[in-house]
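> Here is my input; please provide its structure:
(chains A and B)
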2 protein chains.
Amino acid sequence: MDFMMKAIGIIHTPLIDKSKAPIQSSRSDIIGTIEVFPQYMEGLEGIEDFSHIYLLYGFHRSEQEISLKVQPFLDDQYHGVFTTRYPCRPNPLGLSVVQLTGKQANVLCFKGADMLDGTPLLDIKPYIPEFDVFSVDKTGWYQHRKLP
Amino acid sequence: MDFMMKAIGIIHTPLIDKSKAPIQSSRSDIIGTIEVFPQYMEGLEGIEDFSHIYLLYGFHRSEQEISLKVQPFLDDQYHGVFTTRYPCRPNPLGLSVVQLTGKQANVLCFKGADMLDGTPLLDIKPYIPEFDVFSVDKTGWYQHRKLP
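As a prediction, this is how the structure comes out:
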C-alpha cells in the first residue's frame, strides 16, 4: 500500500550544510520558521497555546542509496536503520519535537531546529506529556555509544 | 513537493472498530504485532535492545473528507486539526510510541496498540528520553478538555 504525501508547508532554518546540522532538536537552540501554506492555515487555530509540537517532514536531501545497516552520527558501529534516526531510510520521514515561540498568520516561529533549510513539512501534531512521555528502561546501542 | 511513501510492514492489532480504539497508545495495554516485510528485516538489527519505539504509519481507514477544524475525541469543541491527533488530516500520518516486548525474525510484539488492524507501517524510530522527553508548559485545549 502506497501513500502520496504532499508538502503542507516549508521549514526555514539557517542549516544549509548537512555536516553542520545538530544531531537532534533537543540538542539545538537554533531558531527556525515554519511557513504553512495558506490553504492549511485554518488547521493552525489554537496552536499558539501549545509550547511544544511535533514536526513530521520529508528528508528532501537524502541523496544516498538506502541501506538497512547504517552508522549513526553518535556511534562508530553499524546498526539497523530502524534503531537510528538516520535521515536516509526506506521512507524519508523525519520527526522533531520543537518549542513553539510565536505565530503570525500562517508562519510559526520555533526553537530547536535540526532540519535543513527548505525541508518540506508533512504534518504538525501537538506534543502532550501524558501521551508522549514514557518511562524507558532500554535504549540499545545509544546507551553504549561512542560519542556523548 | 510530493513524497511517495510505501508500506514497509503491517501492524496487526485486535482493533477493528474505529469507535472502540483507545485514544492514545499511552492509555492502551492492548497487545499487537508488527510484521515487517522480509526485505526490510536487516533494518531491525538491535531493535530488541530498545524498550520503546515510535511507529509511524498510514491512516488507511480515514475515509471522511479532510477538514481543517475537527472535534477531537477528548473535547466537545472544534480545534485546528494540527492541534489534535485526529486521524483524518491533510497527510494521513499516524504516530504512536509503543513498548516493545519481543522480536522473532521479522515480527515485533508490542504493548500499547491504538491503531486499527491492518495499519500499514511506514517507519520505526527508537524512542530515546534524551531526545524525546521535553518539559512542557502549555498544552492548549487539552488542558481544558471536556473528557479526562
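> make it CA atoms for all contacts and neighbour counts henceforth
OK.
> Show me the longest strand that occurs in chain A.
strand A:93-104 (DSSP state E).
> For that strand, buried residues please.
Buried residues in strand A:93-104, counted by 16 or more other CA atoms under 10 Å in any protein chain shown: A:93, A:94, A:95, A:96, A:97, A:98, A:99, A:100, A:101.
> The residues you listed into CSV, with extra columns for distance to chain B?
Output for the buried residues of strand A:93-104, formatted as CSV (distance: CA to the nearest CA, whole Å):
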residue, distance to chain B
A:93, 7
A:94, 10
A:95, 9
A:96, 8
A:97, 7
A:98, 9
A:99, 9
A:100, 10
A:101, 11
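> Parallel or antiparallel, which strands does the longest strand of chain A pair with?
strand A:52-58 (antiparallel), strand A:107-111 (antiparallel) (DSSP bridges).
> Most tightly packed of those strands?
Burial of those is given as mean neighbour count (mean count of other CA atoms under 10 Å in any protein chain shown); strand A:52-58 ranks first at a mean of 23.
> Other residues contacting that strand?
The contact list for strand A:52-58 (CA atoms under 8 Å, 6 or more residues apart in numbering or on different chains) reads A:92-100, A:119-128, B:3, B:134, B:136, B:138-139.
> again with stretch A:23-43
By CA under 8 Å, 6+ apart, the residues outside stretch A:23-43 that reach it are A:8-14, A:22, A:73, A:96-98, A:105-114, A:121, B:68-69, B:79-83, B:130-132, B:134.
> so for that stretch, what's the average pLDDT?
Average pLDDT, stretch A:23-43: 95.
> got it, and stretch A:121-140?
Rounded mean pLDDT across stretch A:121-140 is 96.
> Name the residues of it that are buried.
A:121-129, A:132-134, A:139-140.
> Turn those residues into a markdown table, including secondary structure and distance to residue A:33.
Output for those, formatted as a markdown table (DSSP: H, G, I helix; E, B strand; the rest coil; distance: CA to CA, whole Å):
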| residue | secondary structure | distance to residue A:33 |
| --- | --- | --- |
| A:121 | strand | 11 |
| A:122 | strand | 15 |
| A:123 | strand | 15 |
| A:124 | strand | 13 |
| A:125 | strand | 16 |
| A:126 | strand | 17 |
| A:127 | coil | 18 |
| A:128 | coil | 21 |
| A:129 | helix | 23 |
| A:132 | helix | 23 |
| A:133 | coil | 25 |
| A:134 | coil | 28 |
| A:139 | strand | 31 |
| A:140 | helix | 33 |
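> out of those, which touch chain B?
Counting by CA under 8 Å from any CA of the partner chain, the subset of the buried residues of stretch A:121-140 that neighbours chain B consists of A:122-129, A:132-134, A:139-140.
> for chain A, what spans make up the strands?
Under DSSP E, chain A gives strands at A:2-6, A:9-12, A:31-36, A:52-58, A:69-70, A:79-80, A:93-104, A:107-111, A:119-126.
> Could you report the neighbour count for residue A:37?
For residue A:37, the neighbour count with other CA atoms under 10 Å in any protein chain shown is 14.
> Oh, that last question was meant for residue A:86, not what I typed.
Neighbour number of residue A:86 under other CA under 10 Å is 18.
> Residue A:105 now?
Per other CA under 10 Å, the neighbour tally for residue A:105 reads 12.
> Residue A:39 too?
Residues near residue A:39, counting by other CA under 10 Å, number 11.
> do residue A:143 as well
12.
> ok, now residue A:50?
Neighbour number of residue A:50 under other CA under 10 Å is 22.
> Quick check: the gap between it and residue A:67.
To residue A:67, residue A:50 is 37 Å away according to CA to CA, to the nearest Å.
> Just give the closest residue to residue A:58, not the sequence neighbours.
Spatial nearest neighbour of residue A:58, chain neighbours left out: residue A:93 (5.0 Å); criterion: CA to CA, 6 or more residues apart in numbering or on different chains.
> pretty sure that neighbour contacts residue A:61?
No. Residue A:93 is beyond contact range of residue A:61, at 11.6 Å (criterion: CA atoms under 8 Å).
> What's the per-residue pLDDT of residue A:116 here?
In this prediction, residue A:116 carries a pLDDT score of 96.
> and what of residue A:100?
So, for residue A:100, pLDDT stands at 98.
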